[in-house]
Structures are given as structure tokens and as C-alpha cells.
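K.L.:
Kindly generate the corresponding structure for this input.
(chains A and B)
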Amino acid sequence: MSEQNEPINLPDDTPVDLQTEFDNSHIQEVLDKLDKELIGLKPVKTRIHEIAALLLVERMRKKMHLSAETPTLHMCFTGNPGTGKTTVALRMAEILHKLEYVREGHLVSVTRDDLVGQYIGHTAPKTKEVIKKAMGGVLFIDEAYYLYKPENERDYGAESIEILLQVMENNRDDLVVILAGYKDKMDKFFQSNPGMRSRIAHHIDFPDYSPDELLAISKLMLAQQNYRFSAAAEKAFADYIKLRMQQPHFANARSIRNALDRSRLRQANRLFKNQQGLKKIDLITLEAEDILASRVFK
Amino acid sequence: MMTNHGNRITQGQFSFLPDLTDEQITAQIKYALKNGWAVNVEYTDDPHPRNTYWEMFGMPMFDLKDPAGILMEVNNCRKTFPNHYIRVTAFDSTRGWETPRMSFIVNRPKTEPGFGLVRQEGEGRTVHYTVHSYATDKPEGERY
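P.N.:
Okay, the predicted model is just below:
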């Protein structure tokens, strides 16, 4: 603190070496990882790059004794289920840690149950405990709109929101809060909690994936588990994605993951039935029949 | 005690040193968290070098990663009990230890009246000595 209050007597033309600063922060590794592991999500990635740039410049300014206050970094992630909100939050914690904006860089993921108590006087200690655990890292509140239930005026969610607001304002150096939820419900949530809206600097909307992106995601998921599609299976899965997207309760990447898990099940079953002459490659490859057996094709 | 100038109570770590600053407290808590110990905040207005029964302020804090949360609790306790003794303890739950591994005072009353020596005449002209805090002559809650 004291060094910030020193008089500024650096000349205006002091050179600024952003590139070295950037290299030293190792932020590029995280951003590359983000690009590689997350398919699509263009607007989200752009926004994260912007935030990373802002923090880097902010750090430079601090070195030159120019910074006034730490920027607010509380965020809100909106998007349909399975669009990667939690994954991005995890990466975000890592980025903020690399930029020394948070001290530890861990992610504490909570829902309404972890914050709101069941009787009078239960909520405040519960919320505070979670906040204390998240300090030095990122507090990720999934389905945050459940915190506020307008139909029940005696609901304790409001108390929890109040404490959160206070911490978001006073302990900006200690933790970053990320709210996540479906777009329409979050909009309603913010309408009834204008204080919350104004304390969140970054609203990031997660778009749905296109069929091509989903196929790329499925291949990535399989590669992580040492599986792969045969050529016919890949075509079958592309068809599967198109059909599945039209059905109700489609949850983007999450549905894809479940579909893959089910095909693995069928593959295992198939291998058991014809055990003659099995090779290692058979253990790795998912065939078209494993996918075409899905109920989606019926 | 008598040998300790300024009547400051000495108990736990660092009690012969000047009061720790918040920065130093944070550094100590960080060490405790690094070792995986659970940190508590406790208070009392019954000073004695060997009084180990202090009241807990809130719940013990498990699974914390960063000292900021504990410092927040220390400051809450200071606000509630500005004129009490407050200490921070770190409990090690490892099998075989199961005991506080650190304990240090983070808040003291503005004035500490100190301790007197009480002599009790025993059998056969033996004398028993005990240390008595002048502060405890008054009832609990009115001592400082």
C-alpha cells in the first residue's frame, strides 16, 4: 500500500515492456490450453483474452505507481446447460492466479444448498464459512438464481445475497465471485437484485455449440479416454448429434458425454459377445453399430 | 509476570515480543494453513499464564486456503471484544499429534494490571505460592 502512495516522478516517456511482462506471467500457456481444450465459444475466449490483457496492463501500471484501485472482476456466466461454464470458471481461476490477482487460485464451487441455511440464524455463518474457504481464490456459484425466491418472502436466500454483496464490495482483493446460470433466469434474478448486477463487471454469455463443434468435442473427449471413432462411427455420430439436438433436454457437451459413455457400454458388450481374435485396436475403437443402437435412431 | 516488564501476560508463542502486526499474523496463519492445521480464534478475560480454557469465537475453520478469511474473523472478534485477550490456535489432527501446534496472542486489553504473588501458609510453616491476576478480582465481563 505504502509504495503506491509514493510521489510519481517517472517521466512520461518511460518505456513500457509489455511483452516481457506477458512472457513472465506464463499466461500464454493457460490461454493456449484454453484454446486447445475448449472448442468453439469464440465470444467467451475473446472476453477472457481481454480480461487477461486488462490485468496485465493493470499490473504494469501498478509498477509505475499509476494504479488507483484493484479492478472489479466479479463475473456472471450465462448459457444453456453443458456449454462449459464450470470448465471456463476453472480456467479463469488459473488465469487470475497466474496474473497474481488471486493468491491461491483454487475454485470453490457451490450451489444454493451450501449458502442458504434452514432456520433463522443458520444462513449467515454458513455463507461466511463458504466465503472464508473461497478467499484467495474464486467462488463459483452455480445456478445462482435459486438464491432468490420471490414467491417466498421468508426465504433465507436474500440474507445470503446481502452477505455476498458486502464481501464482493469490501474484499475485492481477497476473492472473485463468479455467478452462473441459464440466461433467462439470471436476467430475472438481476432484475430483482440490482445491487448484484452493478457489482458484476463482466457478463459473459456462452453460446450453444454447432453440430461440427460438438463432433470436435466428442473426439476430444474420446482422445482423453484413449478411445477413437472408426470412420463409419464418426459419420454415425455426426448423424446422432443432429438428431439428438432436435430432441428435448439437449444439454450440449453434457449430452455428448453421456452418449459417448453409453456407446462405450455397448462397445464393451459387443467385445464380450465375439471374443475371438480380439486385438488391442478393438479395445480402442468405437464402431458405427455401437452408436447406431441408440434410441435416437428409432 | 514479575520478570516481564509492563505486566504483559506471557502465554503461547511470541508473547515476549511486541504485539504482532496484521501482516505478521497473516504470515503465521499462512504457515499453519500450509501444514494443514485447522485454525481457531479464541478469547478470554481471565488472564493467567497457564489458563488453557479459552472461549471459542465461532467455529474452527477447516479447509481454508488463504489467511484472509481467518484475519477477517480475528478482526470480527476484536470488534466484539476490544478489551479481551484474543489468541489464534492451530490444531493438528494428525494421528499421534491431535493437539494445538501453534498458539499466539493477537489482542490484549489496553491496560494489563499484572499479577500479584499470593502466599499461603501451610502445615509445618511451609509456604505455597500462587500467581493471582489483579484483573480477576472483578467479575467476568467487567475486568477491563
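K.L.:
residues in chain B within reach of chain A, list them.
P.N.:
Residues of chain B lying near chain A by Cβ under 8 Å from any Cβ of the partner chain: B:58-59, B:61, B:63-70, B:72-73. (C-beta placed from N, C-alpha, C; glycine too.)
K.L.:
From those residues, keep the buried residues only.
P.N.:
Buried members of those, counted by 16 or more other Cβ atoms under 10 Å in any protein chain shown: B:61, B:64-70, B:72-73.
K.L.:
Those residues into CSV, with extra columns for pLDDT and distance to residue A:145?
P.N.:
Listed next are these as CSV, based on pLDDT from 0 to 100; distance: Cβ to Cβ, whole Å:
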residue, pLDDT, distance to residue A:145
B:61, 90, 29
B:64, 90, 28
B:65, 90, 27
B:66, 91, 28
B:67, 93, 32
B:68, 91, 28
B:69, 91, 26
B:70, 94, 31
B:72, 92, 27
B:73, 93, 30
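K.L.:
Of those residues, which pair is most distant in space?
P.N.:
Maximum pairwise distance among those (Cβ to Cβ): 14.8 Å, between B:65 and B:73.
K.L.:
Residue of the stretch 151-298 of chain A closest to chain B, please.
P.N.:
residue A:174 (4.3 Å; Cβ to the nearest Cβ).
K.L.:
Which stretches in the chain count as strands?
P.N.:
By default, I'm working from chain A. A:75-79, A:107-110, A:138-141, A:176-181, A:202-206, A:228-229, A:285-286 (DSSP state E).
K.L.:
oops, chain B please
P.N.:
Going by DSSP E, chain B shows strands at B:38-44, B:55-56, B:85-92, B:99-107, B:115-121, B:127-133.
K.L.:
Now the ones you listed in JSON lines, please, with extra columns for mean neighbour count.
P.N.:
Converted to JSON lines, these look like this (neighbours: other Cβ atoms under 10 Å in any protein chain shown):
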{"stretch": "strand B:38-44", "mean neighbour count": "21"}
{"stretch": "strand B:55-56", "mean neighbour count": "12"}
{"stretch": "strand B:85-92", "mean neighbour count": "22"}
{"stretch": "strand B:99-107", "mean neighbour count": "18"}
{"stretch": "strand B:115-121", "mean neighbour count": "11"}
{"stretch": "strand B:127-133", "mean neighbour count": "12"}
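K.L.:
can I get those strands in a markdown table with mean pLDDT?
P.N.:
Below are the strands of chain B laid out as a markdown table (pLDDT from 0 to 100):
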| stretch | mean pLDDT |
| --- | --- |
| strand B:38-44 | 95 |
| strand B:55-56 | 94 |
| strand B:85-92 | 95 |
| strand B:99-107 | 95 |
| strand B:115-121 | 91 |
| strand B:127-133 | 92 |
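K.L.:
In TSV: the strands of chain A, plus distance to residue A:54 and mean pLDDT.
P.N.:
Shown next, in TSV, are the strands of chain A (distance: least, Cβ to Cβ, whole Å; pLDDT from 0 to 100):
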stretch	distance to residue A:54	mean pLDDT
strand A:75-79	13	93
strand A:107-110	21	94
strand A:138-141	17	94
strand A:176-181	13	93
strand A:202-206	10	90
strand A:228-229	40	90
strand A:285-286	43	90
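K.L.:
Can you lay out the ones you listed as TSV showing distance to residue A:100 and mean neighbour count?
P.N.:
Shown next, in TSV, are the strands of chain A (distance: least, Cβ to Cβ, whole Å; neighbours: other Cβ atoms under 10 Å in any protein chain shown):
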stretch	distance to residue A:100	mean neighbour count
strand A:75-79	18	23
strand A:107-110	17	18
strand A:138-141	14	26
strand A:176-181	13	24
strand A:202-206	19	18
strand A:228-229	40	18
strand A:285-286	44	20
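K.L.:
Please convert those to a markdown table, extending it with distance to residue B:114.
P.N.:
Shown next, in a markdown table, are those (distance: least, Cβ to Cβ, whole Å):
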| stretch | distance to residue B:114 |
| --- | --- |
| strand A:75-79 | 54 |
| strand A:107-110 | 46 |
| strand A:138-141 | 46 |
| strand A:176-181 | 47 |
| strand A:202-206 | 56 |
| strand A:228-229 | 78 |
| strand A:285-286 | 80 |
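K.L.:
my guess is residue A:218 meets residue A:258, correct?
P.N.:
No - here residue A:218 does not reach residue A:258: they are 11.1 Å apart, not a contact under Cβ atoms under 8 Å.
K.L.:
show me the residues around whichever residue of chain A sits closest to chain B that make contact.
P.N.:
Using Cβ to the nearest Cβ, residue A:136 is the residue of chain A that sits closest to chain B, at 2.5 Å. Neighbouring residues of residue A:136 by Cβ atoms under 8 Å, 6 or more residues apart in numbering or on different chains: A:102-106, A:174-175, B:65-69.
K.L.:
how close does it get to residue B:61?
P.N.:
According to Cβ to Cβ, to the nearest Å, residue A:136 and residue B:61 sit 13 Å apart.
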